[in-house]
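In: whatever this is, show me its structure:
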Amino acid sequence: MRSLTSLEDTEYQHYIGGISLEGKIEVEEIEEYLNLFLRDHYQELLEIIPEERKDVMEKIIGIIDVRNFKGIMTGISKEIPKEELKRVLVPSSTLPEEKFEMLLSAETIDKLLDYLEGSDYYDAISEALEKRYEEEGVYSLIRALDKAYYGTLWEDVMGKKAQLSVLKNIIGTKLDMMNIKLIMRLKREEAQAETIAELLVPSYRLSDEIIKEMTVAESIQSAAEAASDTIYGPTLREGLRQFEKTGSLFQVEKALDEQFLKICREISVGQPFTLASPLTYIYLLETEVRNLRIVTRLKAEGVEPSRIKNTLLRKPEIEF
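Out: The predicted structure is shown next:
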């Protein structure tokens, strides 16, 4: 696979160097190495973060654990074999390996919940399991997990005195964009406003009034219009032009993701000796690995390079 040879002189070489380029290449094998790459780089980052800043960075990197919990829940629900499931999960940089293995061993959602007792997510998952799981299935648990994670992350951010403005700006922007994406997806599914409101995470630049206007809007376009006067307005307008042509939200979400990366980069350039720099590093690293996963999968499927290129997130260019 030509895309692998292009990585030979990069820091990925240590991870993909053992993959034979002869014959058929297993996409899952490449993804396993990318998972290890992420784990190692997150660990290296945590080792150099000052102790007084480490807790919030561990929480942010802890999104990997949350994604793994979602994967385990989905695996239990769909009865995916444990070894197959383990291959797609990212080894944790913050959770002890024995704890991870214990969670992975859970055969039922109830057992997984027992293992999560005492965590930030136990109450939210318990409530979703009791009230919504029977009707909505595993997705009710996944959404509850997201809300619990981002809610506690925002509480941690707002509880900081040092570098509060940097953390609010970056994490708050991410939460706003998550809400915009969620509202649009649920609007497409014709979900009720009350259902949408229950699933939203804390917002930053989006006021309660704007959020309410978006949730009660009758269409995706009118929901986006409610946020037109925010910094997300121009990006949404451009993305919606593509949505109206294709009926897909992909380009809208891609445009928001690229705007987020640009905001991170601008803050880190303007304030290089703050947490903006490691935060931007995290999000750019995730983007790079995401792009590599997409290239690997789509090349294996024989997708044309021009189509692959249109799915990749662009790294931000900073104007001075």
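
In: state the distance from Ser219 to Arg188.
Out: Distance of Ser219 to Arg188, given as CB to CB, to the nearest Å: 9 Å. In short, each C-beta sits where N, CA and C put it, glycine included.

In: now swap in Ser93 and tell me
Out: Counting by CB to CB, the separation of Ser93 from Arg188 is 35 Å.

In: can you check Val157 too?
Out: Val157 sits 30 Å away from Arg188, going by CB to CB.

In: for the closest residue in space to Leu34 that isn't next to it in sequence, give me its contacts.
Out: For Leu34, ignoring the flanking residues on the chain, the nearest one in space by CB to CB, 6 or more residues apart in numbering is Val289 at 5.3 Å. The contact partners of Val289, taken as CB atoms under 8 Å, 6 or more residues apart in numbering, are 34, 37-38.

In: more crowded one of Val157 and Arg188?
Out: Ranked by neighbour count (other CB atoms under 10 Å), Val157 and Arg188 place Val157 first, with 22 against 14.

In: the more buried one: what's it in contact with?
Out: Contacts of Val157 by CB under 8 Å, 6+ apart are 56, 164, 167-168, 171-172.

In: how much space between the residue nearest the centre of the chain and Lys174?
Out: Nearest to the geometric centre of the chain sits Ile63, at 7.3 Å (CA atoms, centre = their mean). Taking CB to CB as the measure, Ile63 falls 10 Å from Lys174.

In: repeat for Phe69
Out: Going from Phe69 to Lys174 by CB to CB gives 19 Å.

In: go on, Glu79?
Out: Using CB to CB, Glu79 is found at 33 Å from Lys174.

In: and the two? Which one has more around it.
Out: Lys174 (23 against 7).

In: wait, what's in contact with Ile211?
Out: Each residue near Ile211 by CB under 8 Å, 6+ apart is listed here: 179, 197, 200, 203.

In: now swap in Leu129 and tell me
Out: By CB under 8 Å, 6+ apart, the contact set of Leu129 is 109-110, 113, 140-141.

In: among those, which pair sits farthest apart?
Out: Farthest pair in these (CB to CB) is Asp110 and Ser140. Separation: 14.7 Å.

In: and those two? which has more neighbours close in?
Out: Relative neighbour count places Ser140 above the other of Asp110 and Ser140, with 19 against 11, counting by other CB under 10 Å.

In: show me what contacts the more buried one?
Out: By CB under 8 Å, 6+ apart, the residues touching Ser140 are 128-129, 132-133.

In: what's the closest non-adjacent residue to it?
Out: The shortest distance from Ser140 to any non-neighbouring residue, by CB to CB, 6+ apart, is to Arg132 (3.8 Å).

In: from Glu198, how far out is that neighbour?
Out: Distance of Arg132 to Glu198, computed by CB to CB: 9 Å.

In: who has more neighbours, the two?
Out: Neighbours per residue (other CB under 10 Å) separate Arg132 from Glu198, with Arg132 holding more: 17 against 14.

In: for the more buried one, phi and psi?
Out: Main-chain torsions, Arg132, degrees, to the nearest 10: phi -130, psi -20.

In: what helices or strands is the helix or strand containing Leu256 leaning on?
Out: Counting by DSSP states H and E, the element that carries Leu256 is helix 250-270. Packing partners of helix 250-270 (3 or more CB pairs under 8 Å, 6 or more residues apart in numbering; DSSP states H and E): helix 164-188, helix 233-246, helix 276-300.

In: which of the contacts of Leu129 fall within strands?
Out: Among the contacts of Leu129, none falls in strands (DSSP state E).

In: assign Leu95 to helix, strand or coil.
Out: On the three-state scheme (DSSP: H, G, I helix; E, B strand; the rest coil), Leu95 is labelled coil.

In: low-scoring stretches of this protein, by residue?
Out: Counting by pLDDT under 70, the chain has low-confidence residues at 1-6, 17-25, 317-320.

In: how is it divided into domains?
Out: Domain assignment for the chain, taken from automatic domain parsing, gives 51-159, 164-187+200-274.

In: can you say which of those domains is nearest to Leu312?
Out: Proximity of the domains of the chain to Leu312 was assessed by CB to CB; the nearest stretch is domain 164-187+200-274, lying at 8.8 Å.

In: and the end-to-end length of that closest one?
Out: Domain 164-187+200-274 has its terminal residues 10 Å apart, counting by CA to CA, to the nearest Å.

In: make 173 the starting number, not 1.
Out: Will do, 173 is the new start, and the previous item becomes domain 336-359+372-446.

In: which one is Asp227 nearest to, not counting chain neighbours?
Out: Among residues not flanking Asp227 along the chain, Asp328 sits closest, at 7.3 Å (CB to CB, 6+ apart).
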